[in-house]
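Engineer: Let me see the structure of the following:
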Amino acid sequence: MTRHLPSHRPAAGARAVPWNRQRLRSNNEWLLLELLRTGGGSSRAQLARDTGLSKPTVSAALAELERAGLVRAAGRVAPERGRTAVLYEVDPTAGHVLGVDVGRARLRVAVADLAGTVLVRRDVANRGSSADAVADAVVEAARGATEEAGLSPADVVHAVIGTPGVWDEQRRGVRYATSLPGWGRPGLFDRIGAGLGATVSVANDANLAALGEYTLGAGRGSRMFAYLLVGTGLGLGVVKDGELLVGAHGGLGEIGLVPLPGRPGEPVVTIEQEAAADAVVRAALDFGLDAGSGPARRVTAARVFERARAGDGAALKAVRQEAERLAYAVAVLSAVLDPDLVVLGGGLGTSADLLLEPLEQALHRLAPMRPTLAPSLLGEEAVLLGAVATALETARPEVFERRTAGLG
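Structural biologist: Reported below is the predicted structural model:
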């Protein structure tokens, strides 16, 4: 099964059901489980104080959670007065998730337990010559990582795939994935889900990167922050007060599709065409960068930035032009969204040391609204970590429902 993840905080699997004692017990168990997850190991007495539940209620709920394999004893603590007490903690092995980052150049996969600990990570070149080949490569990498973690496909509760473009539920495919030819064909993600043997959700890569950066990186504490993903494509994720903004049709943030100003009669050129990695390479070559010879000397955006750090004039001109293109994108999003922070990430974002100063200078010339600019703290891990975090939000309540369904 493949589905779209529309927001950062999906409902915790709860259904509208009539009140009964079993539901009350279930709510108490979920409350204790979440308290242990967010607060760490705790004793029965401390949990009773923290929740306001009676000690017998806490003891009964912990016994059920332990029987379900959701919590486990984690040692004992000796208080200043009284008898030693058993400490309980969430059992992270109760379920596992997959996070996947699909890019034109790289495929990244991570397997994590319910505590969010990444057990295995794989980063492989994307050598797929067709959309089907890329889909199969995703399955192969994910299955390999799962096996390396000592797990079977059945141990994976949920997988989240980050991809360029916007998920279209009716077509069962993504739209606007221009950096991956053929990737928008319906059925590809159903093929991946069938190959993984797990429930799969599809999310925009920039949105996942924004969630990862908000949770673990430079976006923490921001009221309204935008993550500008600059790599083989150009994407934008926006988080407001901890919630991901996706728009009416899931397309909020497709800033790469915005056309640049041009002359009448000229072909329309988008920001993505002029600001993504290929554009940096084209600009450097146009400015006279020496490409050398042989396959080992192939010019890439990363090499352009390396040459710029070494003082190459053509590379420096290309970097300045890239900063100006990105400044236009930031000016547009600032006028529409008014973020307090814009984080530069993605493959080109790792060169923020070269880009941020000229970007800020260009932005001052273009727009009166000037958000704080900052480099990503997660680097090229942002999409993958966002995928893992999002998968966990779905998996945790699913594991709870499955394991407690037959108790009581």
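Engineer: Run through who's touching stretch 396-408.
Structural biologist: Contact with stretch 396-408 is made by 12-14, 22, 25-26, 29-30, 33, 37, 64-65, 67-70, 94-95, 114, 157-158, as judged by Cβ atoms under 8 Å, 6 or more residues apart in numbering. In this view, the C-beta of every residue, glycine as well, is placed from N, C-alpha and C.
Engineer: Narrow these to just the buried residues.
Structural biologist: The neighbour-count test (16 or more other Cβ atoms under 10 Å) applied to those identifies 25-26, 29-30, 33, 37, 64-65, 68, 70, 94-95, 114, 157-158 as buried.
Engineer: thinking again about what came up before, which members of the contacts of stretch 396-408 are positioned in strands?
Structural biologist: Among the contacts of stretch 396-408, the members falling in strands (DSSP state E) are V157, H158.
Engineer: thinking again about what came up before, could you single out the nearest of the buried ones among the contacts of stretch 396-408 to A105?
Structural biologist: H158 (26.1 Å; Cβ to Cβ).
Engineer: got a list of what that closest one touches?
Structural biologist: With contact taken as Cβ under 8 Å, 6+ apart, H158 is in contact with V97, L98, A198, T199, V200, S201, A391, T394, A395, E398.
Engineer: Sort out which of the residues you listed are buried, if you could.
Structural biologist: Among the contacts of H158, those buried by neighbour count (16+ other Cβ under 10 Å) are V97, L98, A198, T199, V200, S201, A391, T394, A395.
Engineer: How many residues are close by G235?
Structural biologist: Number of residues near G235 (other Cβ atoms under 10 Å) recorded here: 29.
Engineer: Give me the distance between the two termini of stretch 273-290.
Structural biologist: Start to finish, the residues bounding stretch 273-290 are 23 Å apart (Cα to Cα, to the nearest Å).
Engineer: typed the wrong thing, it's stretch 216-225
Structural biologist: Chord length of stretch 216-225, first to last residue, is 14 Å (Cα to Cα).
Engineer: Need the contact partners of that stretch.
Structural biologist: Applying Cβ under 8 Å, 6+ apart, the external contacts of stretch 216-225 come out as 210, 213-214, 227, 238-241, 337-343, 374-378, 382, 385, 389.
Engineer: Please narrow those residues to those residing in helices.
Structural biologist: If you go by DSSP state H, the contacts of stretch 216-225 have A210, E213, Y214, L337, A382, L385, A389 in helices.
Engineer: Show only the entries of the contacts of stretch 396-408 found in helices.
Structural biologist: Reading helices off the contacts of stretch 396-408 with DSSP H, I get Q22, R25, S26, E29, W30, L33, R37, E64, L65, R67.
Engineer: Looking at the residues you listed, which gets the smallest pLDDT?
Structural biologist: Minimum pLDDT across the ones in helices among the contacts of stretch 396-408 is recorded for Q22, with 68.
Engineer: what's the pLDDT at the residue nearest to A154 when sequence neighbours are not counted?
Structural biologist: Of all residues not flanking A154 in the chain, G197 sits nearest, at 7.0 Å (Cβ to Cβ, 6 or more residues apart in numbering). pLDDT recorded at G197 is 92.
Engineer: what does G408 give?
Structural biologist: If you check G408, the pLDDT there is 55.
Engineer: what bits of the chain have low per-residue confidence?
Structural biologist: Low-confidence segments of the chain (pLDDT under 70): 1-23, 79-82, 263, 292-297, 406-408.
Engineer: Helices of that one, residue ranges please.
Structural biologist: Here the chain has its helices, by DSSP H, at 21-39, 44-51, 55-67, 131-148, 188-196, 205-216, 271-275, 277-286, 301-309, 313-337, 352-366, 382-404.
Engineer: could I get these as TSV with distance to P164?
Structural biologist: Shown next, in TSV, are the helices of the chain (distance: least, Cβ to Cβ, whole Å):
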stretch	distance to P164
helix 21-39	32
helix 44-51	43
helix 55-67	40
helix 131-148	12
helix 188-196	13
helix 205-216	6
helix 271-275	10
helix 277-286	13
helix 301-309	16
helix 313-337	16
helix 352-366	21
helix 382-404	10
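Engineer: sorry, back to before: select only the buried ones of the contacts of stretch 216-225 in ChimeraX?
Structural biologist: Selection of buried members from those for ChimeraX, criterion 16+ other Cβ under 10 Å:
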select :210,213,214,227,238,239,337,339,341,342,343,374,375,376,377,378,382,385,389
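Engineer: I'd like to know which of the contacts of H158 is nearest to A352.
Structural biologist: Distances from A352 to the contacts of H158, taken by Cβ to Cβ, are shortest for A391, at 27.8 Å.
Engineer: do you know how far the closest one is from E398?
Structural biologist: To E398, A391 is 10 Å away according to Cβ to Cβ, to the nearest Å.
Engineer: Format the ones in helices among the contacts of stretch 396-408 as JSON lines; extra columns: distance to V86.
Structural biologist: Below are the ones in helices among the contacts of stretch 396-408 laid out as JSON lines (distance: Cβ to Cβ, whole Å):
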{"residue": "Q22", "distance to V86": "26"}
{"residue": "R25", "distance to V86": "21"}
{"residue": "S26", "distance to V86": "23"}
{"residue": "E29", "distance to V86": "17"}
{"residue": "W30", "distance to V86": "21"}
{"residue": "L33", "distance to V86": "16"}
{"residue": "R37", "distance to V86": "18"}
{"residue": "E64", "distance to V86": "15"}
{"residue": "L65", "distance to V86": "13"}
{"residue": "R67", "distance to V86": "15"}
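Engineer: L326: which of these is nearest?
Structural biologist: Using Cβ to Cβ, these come closest to L326 at R37, 38.7 Å.
Engineer: what sits against the residue nearest to that closest one when sequence neighbours are not counted?
Structural biologist: Nearest residue to R37, sequence neighbours excluded (Cβ to Cβ, 6+ apart): V90, at 4.9 Å. Taking Cβ under 8 Å, 6+ apart, we find V90 in contact with L33, L36, R37, L70, V71, L114, A115.
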